[in-house]
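Have a look; sequence and predicted model below, questions after that.
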Number of protein chains: 4
Amino acid sequence: MSIVLGPNQYGKAEVRLVRIDRDTARHRITDLSVTSHLRGDFTATHESGDNTGVIATDTQKNTMYAFARDGVGSPETFLLRLARHFLAAPQLTGGRWLAEQYGWERIAVGPHAGPGARGDVGHDHAFVRGAAERRTALVHADDTGLTVLAGLRDVTVLKSTGSEFSGFLRDRYTTLPETDDRVLATDVSAWWRYEPSFSEAAGPAEYDERFSAVRSILLETFAELHSLALQQTVFAMGRAVLEAYPDIAEIRLSCPNNHHFLVDLEPFGLDNPGEVFFAADRPYGLIEAAVQRSERAGEHPVWATIGGFV
Amino acid sequence: MSIVLGPNQYGKAEVRLVRIDRDTARHRITDLSVTSHLRGDFTATHESGDNTGVIATDTQKNTMYAFARDGVGSPETFLLRLARHFLAAPQLTGGRWLAEQYGWERIAVGPHAGPGARGDVGHDHAFVRGAAERRTALVHADDTGLTVLAGLRDVTVLKSTGSEFSGFLRDRYTTLPETDDRVLATDVSAWWRYEPSFSEAAGPAEYDERFSAVRSILLETFAELHSLALQQTVFAMGRAVLEAYPDIAEIRLSCPNNHHFLVDLEPFGLDNPGEVFFAADRPYGLIEAAVQRSERAGEHPVWATIGGFV
Amino acid sequence: MSIVLGPNQYGKAEVRLVRIDRDTARHRITDLSVTSHLRGDFTATHESGDNTGVIATDTQKNTMYAFARDGVGSPETFLLRLARHFLAAPQLTGGRWLAEQYGWERIAVGPHAGPGARGDVGHDHAFVRGAAERRTALVHADDTGLTVLAGLRDVTVLKSTGSEFSGFLRDRYTTLPETDDRVLATDVSAWWRYEPSFSEAAGPAEYDERFSAVRSILLETFAELHSLALQQTVFAMGRAVLEAYPDIAEIRLSCPNNHHFLVDLEPFGLDNPGEVFFAADRPYGLIEAAVQRSERAGEHPVWATIGGFV
Amino acid sequence: MSIVLGPNQYGKAEVRLVRIDRDTARHRITDLSVTSHLRGDFTATHESGDNTGVIATDTQKNTMYAFARDGVGSPETFLLRLARHFLAAPQLTGGRWLAEQYGWERIAVGPHAGPGARGDVGHDHAFVRGAAERRTALVHADDTGLTVLAGLRDVTVLKSTGSEFSGFLRDRYTTLPETDDRVLATDVSAWWRYEPSFSEAAGPAEYDERFSAVRSILLETFAELHSLALQQTVFAMGRAVLEAYPDIAEIRLSCPNNHHFLVDLEPFGLDNPGEVFFAADRPYGLIEAAVQRSERAGEHPVWATIGGFV
């Protein structure tokens, strides 16, 4: 019996790449953190430090910046381009490319709201950072081909009513009272997997539109479902996405339950009809679920590379 | 010569208080982190652990939650109410109350954009967290009375052109080239001090409107000034606020220079006409300045309680 | 074709549990962040909000605190106790319990270093937090039984010489020079999987001793190997652990390459013979590898639940 | 009345400087984050973007790295050298230089504990990061000369007994029960100001020794005082330092009260005699105090530049 190298990958993480499109006076900004991971036969470097086949992580970074010279497009298409470039190297058998995108909005200037003023208003080249949430994208490559995931992270949402939690199992360690009206708050993180029928045909515009549409469905479902459990909300959010888009194969969500505890004001002679809350940091609930199509049996290998999702 | 207690204060920090106004089906949310600091004669507790006059930090927290039962209003008015309550205790000679407010927006639902649809649309009781920036407020009390500051933190802004930096001093340690076109990016943090003429008369609506107006002026000035130095931009931002509002006595800004370095693509046979940048984390420049009115000599004592501002 | 619930789990995360053993005047402290995840048939709660079988996350938290009343022991044995308790519920088919432990050292007091003073000296009940690194433990349950992993996170190490990187592939995007002497720095995170022969017999003392021994091996190997690539160092660290302990089935490591760039001092007329470095935040290299025994084919299901490790 | 520039400063923040002393095979490492702030007549750059007198923040960074070529010594002496260099520029009237130092320990290798093995053992050039706490230093310059502060940050300590809190004021918002045995935990941050008699004569060795000695006094006092209030502990810690060292003029401490709440186990039929605690994140108490010598009246101007300390 001997000791051997098992699965392995290496790359450059969190390359902060900002691309300004300035073909016209109305600039556009794409702000990314990109990670590249390569897989292949790297036994020699692990066992003896023979780096002959190693594409240095510094080279991976340089490649990102060089490719950005031609424009980034959507994060998905940029990652696909990186993937195809690296996979041309014969020592590679696969890899994983990840991007997180930060949002920017144009700074409002001047008399902003004349009749009919809609959509893309604001300053030509001055921007303000939007919400803390990030758009995410991932391209996974193995011997079965390329898989594209899209997602979002840390979309913080809250309902101030329309949420219950009752009927749960009670054992000797249960003290939680049932409630028919609570605050429900979470930071939505999700990944959805595109069918090849979509990912092989889509261009940057299609990826961008689809991302926005899925984000809207997730938020609307969170808002409109009367919730009996965060699990129910999470599943409904995922189902609504799959119902809307047959070319999304599955979606996985990871949602903390950010507890908002009703403060007991009785010691001060006051009631508290759902108005004053303490927002706790830790611990928090954590709900993770995959929503899938019944005819697709089996686990796609991409999920084993993503932590914190089921 | 003996060893004595010097300046001191104590309190409860970062009380996470979420208030839901639910008088109608259209809820409103106020999400605060509140800190209370009391000052007075607390020599006994420091020297011998005699806590007779100590208002426990737990009591300070309870007071915040109890007061929130009546509504929060604006952060400034909420802090003023706390200040006046605590200052009624004879052992107190002063204090400092601080709030940071997190922003929430209504989740867009349904067909959002019919003609005339403007302003406060979106779901009645479902919200999504806005930008990472926070609104801040501070009430300071000493024997000269109450002072109200308002501010904002971490408003991340970026200009993709319209910024130069040249003509600076060159010594033996200078390697930075001059540039007539660079990315300028910063996280604006600012505090402005209201004249008593404003702070003694304003209600929550006035404080809210003023906050929004000052924030807009800061952003518009950042956007529209052709910048020759971040110092020039910072000063212009402050001056624009003082010019607009005579009842703002002074404003202080602290602005990192979030460097975006143009990536050298020459080794790859490519030019880079201001399009591909590396966004660095550290180190960063840091520019701090007070903008004041000439006839007001002297330093207001509130500033000694605020770190990171000049 | 219908839309169905796929893999799912839920629980309470980051329960901050501090246990003081005070049977004698010489207290001991165990400081944990514990996460519990349950798996089973929870279709009803996801599809319709029927919570009949749901063990509330609040109950999971209560159970941890109640169990701690009897003592915690090692994190592995505490998690095993939690696992066995929850798995007795018929609706459960599996789960995952995770702990991170913070280290504390006794505060040195008095004349500390008389002859023969060794080992467990310091104050009886006053402690100072040790390094930022954390010890970790994980118990995974599915229909094949219980699996125990132990690990560590963020053990930051640095070699100021004894590290080279050369002979790597050069393509049109390669600019990195070769080096025969560089700073090598990383934050070691590792998980190792115990054979049932160990995990079924070990008590808290055995788990604690083994943890310390593995940590020492990892650090010594990092220190003593002359490194030709971080991959070589990572593999050698893992192999040394497997060589020392046949009852460790495999080990996985995730190690960023925390770049320390030699500062170019030539513009100032100075050389820099490996003495002055800029420590960069981002981007960073990232090396991940599993080290296994050759006769054990196949992937253990526990790894799919752990992100950021291959 | 006109709008004018008030107090201002600018510089480069958090320059990550790692210096390796490798004169012998036994390397030494100094790991710093350094911030430089310059003050002077910079009206032209603020008002019109005329940068004639501006020492670019990039130049400030370069100067740090160039000076490190000669060795760093202690953080205090390194900052003093920077201060004197910059103050030679006629346009400067003052400044502020700050360093935070990260601790590293040698990795233990081989048979570590032979008889007589004490003190500086471990590997020659391999290190492991110590506690999260940091040593700090600050040099402040104005027209009265140079002032040197030394300090520490985030030294996390905990007493599992020997702490009470009772006898405090009770008002209508008080619910906290009195206790004669609680966990007391804090993250000690402190700054002490050296008399010129010390700071003008001390070399790196004296600064290093003094830092270690003050840190030991702070920890020992925390450990050994039976505490009736965190205020009492904080004051005693400061007093012990001033009693030990007449050439320390004053010391200021900022200490959160990191609450550890005894968990109520009664619902589970269990007592909890001070053994099982929930460690809360927020809110936390916050105690800040200056300890001074009685004959020194007045406030030193350096304190106005340091936030979060009284």
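Yep, it's here.

check contacts around A:A240.
The contact partners of A:A240, by CB atoms under 8 Å, 6 or more residues apart in numbering or on different chains, come to A:217-218, A:220-221. The C-beta positions use only the backbone N, C-alpha and C, and glycine is treated the same way.

Which ones among these map onto helices?
Members of the contacts of A:A240 lying in helices (criterion: DSSP state H): A:217-218, A:220-221.

will you turn those into JSON lines that also has distance to A:A304, neighbour count and pLDDT?
Listed next are the ones in helices among the contacts of A:A240 as JSON lines, based on distance: CB to CB, whole Å; neighbours: other CB atoms under 10 Å in any protein chain shown; pLDDT from 0 to 100:
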{"residue": "A:I217", "distance to A:A304": "27", "neighbour count": "19", "pLDDT": "98"}
{"residue": "A:L218", "distance to A:A304": "24", "neighbour count": "25", "pLDDT": "98"}
{"residue": "A:E220", "distance to A:A304": "31", "neighbour count": "18", "pLDDT": "98"}
{"residue": "A:T221", "distance to A:A304": "28", "neighbour count": "20", "pLDDT": "98"}
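
Quick check: residues of the stretch 101-250 of chain A near chain C?
Proximity of the stretch 101-250 of chain A to chain C (CB under 8 Å from any CB of the partner chain) is limited to residues A:164-169, A:171, A:173-176, A:227-229, A:231-232, A:234-235, A:239, A:242-243, A:250.

how about stretch A:121-135: buried residues?
In terms of neighbour count (16 or more other CB atoms under 10 Å in any protein chain shown), stretch A:121-135 has its buried residues at A:122-135.

coming back round to it: report the buried members of the residues of the stretch 101-250 of chain A next to chain C.
Using 16+ other CB under 10 Å as the burial test, those include A:164-165, A:167-168, A:173-174, A:227-229, A:231-232, A:234-235, A:239, A:242, A:250 as buried.

Helices along chain A, start to end?
Residue ranges of the helices in chain A, as given by DSSP H, are A:43-48, A:57-68, A:75-87, A:196-199, A:204-224, A:230-244.

Stretch A:110-120 - what's its average pLDDT?
In this model, stretch A:110-120 carries a mean pLDDT of 50.

which pair in the buried ones among the residues of the stretch 101-250 of chain A next to chain C spans the largest distance?
Spatial extent of these (CB to CB) is set by the pair A:Y173 and A:L242 at 36.3 Å.

Thought C:R170 was touching A:N62, still the case?
No. Judged on CB atoms under 8 Å, A:N62 makes no contact with C:R170 at a distance of 11.4 Å.

which one of the two has more residues nearby?
A:N62 (24 against 13; other CB atoms under 10 Å in any protein chain shown).

do you know how far the more buried one is from chain B?
As judged by CB to the nearest CB, to the nearest Å, A:N62 and chain B stand 7 Å apart.

measure A:A88 to A:L80 for me?
For A:A88, the distance to A:L80 equals 13 Å [CB to CB, to the nearest Å].

what about these two, which has more around it?
Neighbour tally, A:A88 and A:L80, criterion other CB under 10 Å: the higher count belongs to A:L80, 22 against 8.

surely that one meets A:H140?
No. The criterion here is CB under 8 Å, and A:L80 misses it with A:H140 at 11.0 Å.

shared neighbours, these two?
Joint contacts of A:L80 and A:H140 (CB under 8 Å, 6+ apart) are A:L146.

buried stuff in stretch A:150-166?
Applying a neighbour-count criterion of 16+ other CB under 10 Å, the buried positions in stretch A:150-166 are A:150-153, A:155-165.

Which of those fall in strands?
Counting by DSSP state E, the part of the buried residues of stretch A:150-166 found in strands is A:150-153, A:155-159.

What parts of the stretch 1-150 of chain A come near chain B?
Applying CB under 8 Å from any CB, we find that the stretch 1-150 of chain A lies next to chain B at A:16-22, A:27, A:29, A:31, A:62, A:65-66, A:68-69, A:104, A:107-109, A:113, A:118, A:123, A:125-133.
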